[in-house]
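> Just to be clear, the model below is a prediction. Sequence and coordinates:
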Amino acid sequence: MSSANVADESTGRRVSELVARLPDLRGRLKSGVALADLTWFRVGGPAQVLYTPADEADLAYFLARVPAEIPITVIGLGSNLLVRDGGIEGVVIRLGRGFGEITIEEGYRLRAGAAVPDVKVARAAADAGIAGLSFYRGIPGSVGGALRMNGGAHGRETKEVVIEVRAVDRQGRIHVLPVQVLGYAYRHCGASDDLIFTEALFQGEAGDPARILAEMDDIATYREQAQPIKSRTGGSTFKNPEGYKAWQLIDAAGCRGLSIGNAKVSEMHCNFLINEGNATGAELEELGETVRARVKAKSGVELEWEIKRLGEPLEAGNTFFGKSPRG
Ligand SMILES: Cc1cc2nc3c(=O)[nH]c(=O)nc-3n(C[C@H](O)[C@H](O)[C@H](O)COP(=O)(O)OP(=O)(O)OC[C@H]3O[C@@H](n4cnc5c(N)ncnc54)[C@H](O)[C@@H]3O)c2cc1C
């Protein structure tokens, strides 16, 4: 099948037929997978095709052979994602078990696959007497998401504790990169968008396991009191602008508790948006934009989305997948 044909085709079945022709593929391919089931907000349309690579070599094989016309999107645990109701065109890649290893190395180092949940990194480090990674106890994402977002909390961020990463690019080439080339800034990674992180090497320091575990307990307790962590949310919606706290600007603009349909600004922490039941992606996004406009009008500050918004809106003309957002 030629690349031109691929660009013309619109159904997930066709794309999955194409990728199924990759004879040595070991990972799983599925079309029309509901992304609402894979994100914290529980909203959004389907992935045209969802690919779960078996391991890094399988991922590299896939990327090297899928025509450049097919859009590729990678997701982690979906804790920082707002997927639009029309779903995501092309292939969505979600790393699974093949990227789930943790190894302790000499010199207070920990190596973790990109699918490992951050909280497991914190626990494994504590068990091994490695201090400096306990802040991951409070971030409900995966290592891959932390690398892309420069995830941070409680005074530390990913760029301070990662020393090296492995990644695969859109052509299927594997890279080993030192942290210095990743262009990290506050909740930002400057590495090329097409890089899919597969592994990270973390550097900690000597610590007492009991003390680290106590620190992690404190973090968990603090989170329960300060954030709606049991809700359908995407965490902090907006980045803190230089010199401000986003939540204070949102509060001052009168947005605490504001709602559109079933989407609501959290009463507990007003930089969090919440899906109170069956909100749509469109309602959550409109609520976020309303908050941005009100903050701009009140304080003159433009809030920048921290949450990543992915995919297509569900519009009259978009029969892309033929599914309702709540379907
Ligand atoms: C209750 C709650 C509390 C939160 N608290 C914090 C906090 O304290 N600090 C903080 O920083 N964040 C916080 N977050 C946000 C979120 O947990 C982080 O941004 C996290 O790092 C996202 O990881 P994820 O695996 O869920 O990634 P996803 O949300 O699935 O994706 C986020 C981004 O990472 C990219 N990505 C994911 N995996 C890979 C990969 N393997 N290679 C390349 N790119 C990848 C995606 O394309 C997307 O752009 C919170 C979220 C919630 C719901």
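Thanks, I have it.

> can I assume residue 309 sits in a helix?
No. Residue 309 sits outside any helix when classified using DSSP: H, G, I helix; E, B strand; the rest coil, being strand.

> Nearest residue to it in space, please, no chain neighbours.
Excluding the flanking residues, the one nearest residue 309 by C-beta to C-beta, 6 or more residues apart in numbering is residue 82, at 4.7 Å. The C-beta positions use only the backbone N, C-alpha and C, and glycine is treated the same way.

> what does the chain have sitting close to the ligand?
Proximity of the chain to the ligand is confined to 40, 74-81, 95, 114, 138-142, 144-146, 148-149, 151-153, 196-197, 227, 229, 233-235, 308 under the rule C-beta under 6 Å from any ligand atom.

> Tell me the confidence at the residue nearest to residue 309?
pLDDT, residue 82: 98.

> What is the neighbour count of it?
Residues lying near residue 82 (other C-beta atoms under 10 Å) number 25.

> Was I right to think it contacts residue 289?
No. Here residue 82 does not reach residue 289: they are 11.4 Å apart, not a contact under C-beta atoms under 8 Å.

> Give me the neighbour count for residue 272.
If you count neighbours by other C-beta under 10 Å, residue 272 ends up with 22.

> contacting residues around it?
The contact partners of residue 272, by C-beta atoms under 8 Å, 6 or more residues apart in numbering, come to 227, 228, 231, 233, 234, 235, 236, 237, 265, 266.

> Secondary structure element holding the fourth one?
What it means is residue 233. Assigned by DSSP states H and E, residue 233 belongs to strand 232-236.

> Touching, residue 51 and residue 93? I think so.
Yes. With contacts counted by C-beta under 8 Å, residue 51 reaches residue 93, the gap being 5.1 Å.

> if you count what's nearby, which of those two comes out ahead?
With neighbours defined as other C-beta under 10 Å, residue 51 and residue 93 compare such that residue 51 has more, 26 against 22.

> Report the mean confidence score over the one helix or strand the more buried one maps to.
Using DSSP H and E, residue 51 maps to strand 46-52. The average pLDDT within strand 46-52 is 94.

> Can you list the low-confidence ranges for the stretch 51-200 of the chain?
For the stretch 51-200 of the chain, no stretch is flagged by pLDDT under 70.

> residue boundaries of the helices in it?
Counting by DSSP state H, counting those that start in this stretch, the stretch 51-200 of the chain has helices at residues 56-65, 118-127, 143-149, 158-161.

> which residues touch the last one?
To tie it back to what came earlier, the one meant is helix 158-161. Helix 158-161 has contacts (C-beta under 8 Å, 6+ apart) with 132-133, 146-147, 149-152, 179, 182, 184, 202-204.
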